[in-house]
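**Student:** Dropping a prediction and its sequence here:
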Amino acid sequence: MRALFLRDLRLQLSGSGGGMAGIVFFLAVVATIPFGVGPDLALLTRIGPAILWIGALLATLLTLDRLFQADREDGTLDLYLAGPLPLPLVVLAKAGALWCAACLPLVLASPLLGLLLAIEPRALLATALTLLVGTPAIVLIGAVGAAVAAALPRGGVLVSVLVLPLVLPVLIFGVAATYGAVNDAEPFRAPFLILLALTLLYGVLGTIAAAAALRLSAD
């Protein structure tokens, strides 16, 4: 599992897995929003956390279509199916590598990019924390869509269509926790714990569902 994680991490960082494309897309979205909104700093401050979350969500969706597609094309997926490592752990290792390559840089860059959106320091910290906890859930949900679309020649759009409705609760609770941290300390706790629970839930259900979809696509 460790070897698989490191292999996929190297592929993602080299650009073969599309992880770098998501980072560039996130930077482009966040950097261009202030030009579209205009010089209204109060408006940017109010919608800034939501912009960071939406940018991270779209950037993650952009990287999902190649999660299993390349392995299916070169026959590596067949080795995973016949290998000694349980397929849910294979999915977990590949999803973890994708998150480290494509999502962790977004989390680290979010406080700096938040300055472009005039987000106050407390909201910057809350946004980075919710992204750190919530983006793994997006990747794990996306792994299910990527597994379903792995057998299709052009499944990139299908992955986004399948995944987007399922990740809306993650987006809702992530933004709610961020705004709760700004307005009052107490509203932050409940949506943040729900966000954490969603990540843990999809860490189990997402890997099992993706593994089942990969087996069905191989039959």
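**Tutor:** Received the coordinates, thanks.

**Student:** Distance of the closest residue to R189 other than its chain neighbours relative to L9?
**Tutor:** Distances taken as C-beta to C-beta, 6 or more residues apart in numbering place G180 nearest to R189, at 7.8 Å, with adjacent residues excluded. For the C-beta atoms, the positions are set from N, CA and C on the backbone; glycine is no exception. For G180, the distance to L9 (C-beta to C-beta, to the nearest Å) stands at 34 Å.

**Student:** what ranges of this structure fall below the confidence cut-off?
**Tutor:** 15-20, 151, 153-157, 184-186, 218-219 (pLDDT under 70).

**Student:** quick one: the helices in it?
**Tutor:** 2-14, 19-37, 41-63, 69-73, 76-82, 87-98, 104-116, 121-148, 156-183, 185-218 (DSSP state H).

**Student:** Deepest in the core, which of the ones you listed is it.
**Tutor:** Among those, helix 121-148 has the highest mean neighbour count (mean count of other C-beta atoms under 10 Å), at a mean of 24.

**Student:** got the angle between that helix and helix 87-98?
**Tutor:** Using axes from the mean of the first three to the mean of the last three C-alpha atoms, to 10 degrees, the direction of helix 121-148 lies 140 degrees away from that of helix 87-98.

**Student:** What helices and strands are in contact with helix 121-148?
**Tutor:** Under the contact definition 3 or more C-beta pairs under 8 Å, 6 or more residues apart in numbering; DSSP states H and E, helix 121-148 sits against helix 41-63, helix 87-98, helix 104-116, helix 156-183, helix 185-218.

**Student:** mind checking how far it is from the chain centre?
**Tutor:** Mean-position distance between helix 121-148 and its chain equals 5 Å (C-alpha atoms, centre = their mean, to the nearest Å).

**Student:** Can you check what angle separates it from helix 185-218?
**Tutor:** 20 degrees.

**Student:** what about L81, distance to A59?
**Tutor:** Using C-beta to C-beta, L81 is found at 30 Å from A59.

**Student:** Of the helices and strands packed on helix 121-148, which is nearest V29?
**Tutor:** Ranking the helices and strands packed on helix 121-148 by their distance to V29 (criterion: C-beta to C-beta) puts helix 41-63 first, at 4.2 Å.

**Student:** The closest one relative to helix 19-37, how many degrees between them?
**Tutor:** Inter-element angle recorded for helix 41-63 and helix 19-37: 150 degrees (by the same axes, to 10 degrees).
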